[in-house]
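**Q** No sequence on hand, only this structure:
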């Protein structure tokens, strides 16, 4: 059974950095496209980034605008994990971050993904 577990969230000061991890079990990570999403309090879940089965990377919405910080997605096949590094975090980035898997190409839509992790809280505050 496919399972995703996020980690790496926490409290960080504005301008700081975090590296979120999404560890996949039950299957090889390179047969899935893995997306990262964020959900701020009282708002809907939004796509942030995705890495495809072929290793192509995509960035969506606020991650492209640069208003939350600078995002970099990567994958480590040996660790069966996908990482989301965020540098220069702003308070607007505060949210629960989720990773999700789908067998097809990358998508920014939440309804395109079949399996989700439980999320990791990122709080940016001084």
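**A** Structure's in. What do you need? This structure is a prediction, so every number in the text was calculated from the model and none was measured.

**Q** contacts, neighbours, all on C-alpha from now
**A** Noted.

**Q** in the helix or strand of the chain with the lowest mean pLDDT, what counts as buried?
**A** The least trusted helix or strand in the chain, going by mean pLDDT, DSSP states H and E, turns out to be helix 62-65, with a mean of 85. Using 16 or more other CA atoms under 10 Å as the test for burial, helix 62-65 gives 62-63.

**Q** what's residue 103 in contact with, if anything?
**A** 31-33 (CA atoms under 8 Å, 6 or more residues apart in numbering).

**Q** Which helix or strand contains the residue positioned nearest the centre of the chain?
**A** In the chain, the centroid-proximal residue (CA atoms, centre = their mean) is residue 36; its distance is 2.6 Å. If you go by DSSP states H and E, residue 36 is part of strand 33-39.

**Q** And the contacts of that strand?
**A** Around strand 33-39, the neighbours that count as contacts under CA under 8 Å, 6+ apart are 45-53, 82, 84, 95-108.

**Q** Neighbouring strands - and their directions - for that strand?
**A** Note on strand 33-39: by DSSP bridges, its sheet partners are strand 45-51 (antiparallel), strand 95-102 (antiparallel).

**Q** Next one: residue 8 relative to residue 1, how far apart?
**A** The gap separating residue 8 from residue 1 is 23 Å, by CA to CA, to the nearest Å.

**Q** quick one, which of these two is more surrounded?
**A** residue 8 (16 against 5; other CA atoms under 10 Å).

**Q** For that one, give me phi and psi.
**A** phi 100, psi -10 (degrees, to the nearest 10).

**Q** Next, count neighbours for residue 20.
**A** 24.

**Q** Contacts only, for it.
**A** 6-9, 83-85.

**Q** quick one on the thing from earlier: mean confidence for the strand holding residue 36?
**A** Averaging pLDDT along strand 33-39 yields 98.

**Q** begin at 10 from here
**A** Shifting the count to begin at 10 puts that one at strand 42-48.

**Q** Done for today, thanks.
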